[in-house]
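Engineer: got a predicted structure plus its sequence, pasted below:
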Amino acid sequence: MKKSKKHFATIDEYIASFPKEIQKILESIRQTIRSSAPNAKETISYQMPTFRLKVILVHFAAHKNHIGFYPTPSAITEFSKKLSNYKFSKGSIKFPLNEPIPLDLIKEIVEFRVKENKEKIRS
């Protein structure tokens, strides 16, 4: 899947640039994040859909064979056991497009990031 070199102003524009089946996946991730972080603001950062709650919570992006999910290194460390079935690195997770996207896990990670951000803001 080839993304255009267009610069996106909104998450809607980003999602609309993909084929319908990928749009459905991206929208389900978006809605999962929205419900897990209802006060977070949607934006585009690094040309990826991004949710912020004072600071960045998570980014996500569609790639040729996977959805990239970028929840910060602390979340990767926290959820490393639950991520063992996926390729992941210090700050990113690859969810293969040929498998169901683990929306429950995304929800848990986002809720962790919300809690983590609130604690950082208080200190």
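Structural biologist: Cool, the structure landed.
Engineer: switch to C-alpha atoms for all contacts and neighbour counts from now on
Structural biologist: Noted.
Engineer: can you map out the helices along this structure?
Structural biologist: Ranges of helices in the chain, per DSSP state H, are 11-16, 20-36, 73-78, 103-122.
Engineer: quick one: closest of those helices to Val55.
Structural biologist: With respect to Val55, and counting by CA to CA, the nearest of the helices of the chain is helix 103-122 at 7.4 Å.
Engineer: same for that closest one, what does it pack against?
Structural biologist: Here helix 103-122 touches helix 20-36, strand 55-62, helix 73-78, going by 3 or more CA pairs under 8 Å, 6 or more residues apart in numbering; DSSP states H and E.
Engineer: kindly recompute the last result at 10 Å.
Structural biologist: Packed against helix 103-122 by the contact rule (3 or more CA pairs under 10 Å, 6 or more residues apart in numbering; DSSP states H and E) you find helix 20-36, strand 48-53, strand 55-62, helix 73-78.
Engineer: any chance of those in a markdown table, plus distance to Leu97 and mean pLDDT?
Structural biologist: Compiled in a markdown table, the helices and strands packed on helix 103-122 are given as follows (distance: least, CA to CA, whole Å; pLDDT from 0 to 100):
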| stretch | distance to Leu97 | mean pLDDT |
| --- | --- | --- |
| helix 20-36 | 9 | 98 |
| strand 48-53 | 17 | 96 |
| strand 55-62 | 9 | 96 |
| helix 73-78 | 20 | 96 |
